[in-house]
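[1] next input, structure requested:
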Amino acid sequence: MNVYARRTIAACLLFVLFDAGVGLSQPQIVPRLTERELDQASYVELAREWKEYIAKHGESPVALVNLGMAYEYAGEVEAAYIAGKRAVEIAPEDAAALAFLGKILSKYKHDTERATELLERCRGIAPDHEHGLKTLVVIYNSRGELAKSEEVLKTIFRQRVIPRPLEDYAYNMLVGLPQGAVLITNGDNDTFPPLALQAGMGFRSDVAVVNRHLLNVNDYVEALFERYPSVKPGGRIEAEDDLSLSSTLLKRMIDEQKAPVYFAASVDFGDLGFSPELVTEGMNLRASGKGLTPEESARLFLEKYRLDSATDWSFSWDLVPGHSRLLANYISCVYNLANQEGVSADTMRLLLDKALDITEFHEMDRLSYVIKSLQKK
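    So this is what the prediction gives:
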């Protein structure tokens, strides 16, 4: 396409935008924390800009939701609630407004009954609304209503809410685990995808995928151990030894070794309260149980893992930089494997080649340097 054609198309697009009343004065859309995190001052500024925009152009659900998100991330929860409530008042069937107010009610107001009502309405209107569905899963899990959570997760899977790179990442987390293992996860991107795979296609449903933060919620803990009785540790379900309930239960599960316990590579151990002995096994970190040999662990990357989507040019990586950061865990695990004895030279060469492809595709310059240094050894 020549430069004149591009200019003509751009001019037409601008005309359509102005004709539709959108204009170019609309402030920046507030990015979600899972996509891109800004500094505090930026959220304060975005709240000011959206407030001025509403004063000039009038209320709309889009403007109010963005205002509410800016307030929330700036720490102004009550202002965020007021914006979300107003968005639902003027647009009671707007999915984004319903999802946002549902999140605020559940996370900050602890009104899960009203939040569930709004989020189920959102699900009926827009069954592919990612953030409404995820909030609904969290609510049902925190109540110990795992069957209802599973139904929402099936919707997430059927509606293809989870992007392919994250779905493949989840597949890779699960595929190499031993029968009846426990997989401890940390945040949205390492928790929802494996749960959706289990609910949507029954893949590795023998594995107990456990979000470490939800282990602090008694209803969730009781429901989890009822579903997976073989992983339940002995003793009463209560915190002990200056540890949180989550850390207490994890420590017991590791020490008692009733089931092999693995941590996702993305888990932060800084606030765990104890230091488990961990061995890198494929994409995960094994804390207990008999595992694979280093060679078998390395071969998972080459023979069982789905890695093509990690370098998919058609995916909009720039819009969700958090996804690229998550894939850096592939490289961390390869680095750990490279420093274990027992991996053959041929396997390691192929493994490092794959790791380098990923680092160069995502412009992970520091990690590319590390992989190239390993290749020279």
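[2] C-alpha from now on. contacts and neighbour counts both.
    Noted.
[3] which strands or helices does whichever strand or helix holds Y169 pack on?
    Following DSSP states H and E, the helix or strand that holds Y169 is helix 164-175. Under the contact definition 3 or more Cα pairs under 8 Å, 6 or more residues apart in numbering; DSSP states H and E, helix 164-175 sits against helix 188-201, helix 321-338.
[4] identify the residues contacting it?
    Residues outside helix 164-175 that contact it (Cα atoms under 8 Å, 6 or more residues apart in numbering) are 189-190, 193-194, 197, 204, 207, 264, 283-284, 304-307, 309-310, 323, 327.
[5] among those, which ones are buried?
    Among the contacts of helix 164-175, those classed as buried by 16 or more other Cα atoms under 10 Å are 189-190, 193-194, 197, 204, 207, 264, 283-284, 305-307, 309-310, 323, 327.
[6] spatially central residue in this protein, please.
    A centroid search over the chain (Cα atoms, centre = their mean) returns N189, at 1.7 Å, as the residue closest to the centre.
[7] before we move on, back to that, next, the angle helix 188-201 makes with the helix holding Y169.
    80 degrees (axes from the mean of the first three to the mean of the last three Cα atoms, to 10 degrees).
[8] tell me which helix or strand comes right after helix 164-175.
    strand 182-185.
[9] show residues contacting that following strand.
    191, 207-212, 231, 259-264, 266-267.
[10] check stretch 369-377 too.
    By Cα under 8 Å, 6+ apart, the residues outside stretch 369-377 that reach it are 335, 338, 349, 352, 355-356.
[11] run the chain-centre distance for that stretch.
    30 Å (Cα atoms, centre = their mean, to the nearest Å).
[12] equivalent analysis for stretch 114-122, please.
    On Cα atoms, centre = their mean, the centre of stretch 114-122 falls 21 Å from the chain's centre.
[13] for it, buried residues please.
    For stretch 114-122, the neighbour count (16+ other Cα under 10 Å) marks 115-116, 118-122 as buried.
[14] how about the CA coordinates for that stretch, as CSV?
    Presented in CSV, the C-alpha positions along stretch 114-122 are these (Å, rounded to 0.1, in the frame of the first residue of the first chain):
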residue,chain,number,x,y,z
ARG,A,114,-24.5,-8.3,45.2
ALA,A,115,-21.3,-8.8,43.3
THR,A,116,-22.3,-12.3,42.2
GLU,A,117,-25.7,-11.0,41.0
LEU,A,118,-24.0,-8.3,38.9
LEU,A,119,-21.3,-10.7,37.6
GLU,A,120,-23.8,-13.4,36.6
ARG,A,121,-25.7,-10.8,34.7
CYS,A,122,-22.5,-9.8,33.0
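[15] F263: what secondary structure?
    The local conformation at F263, judged by DSSP: H, G, I helix; E, B strand; the rest coil, is strand.
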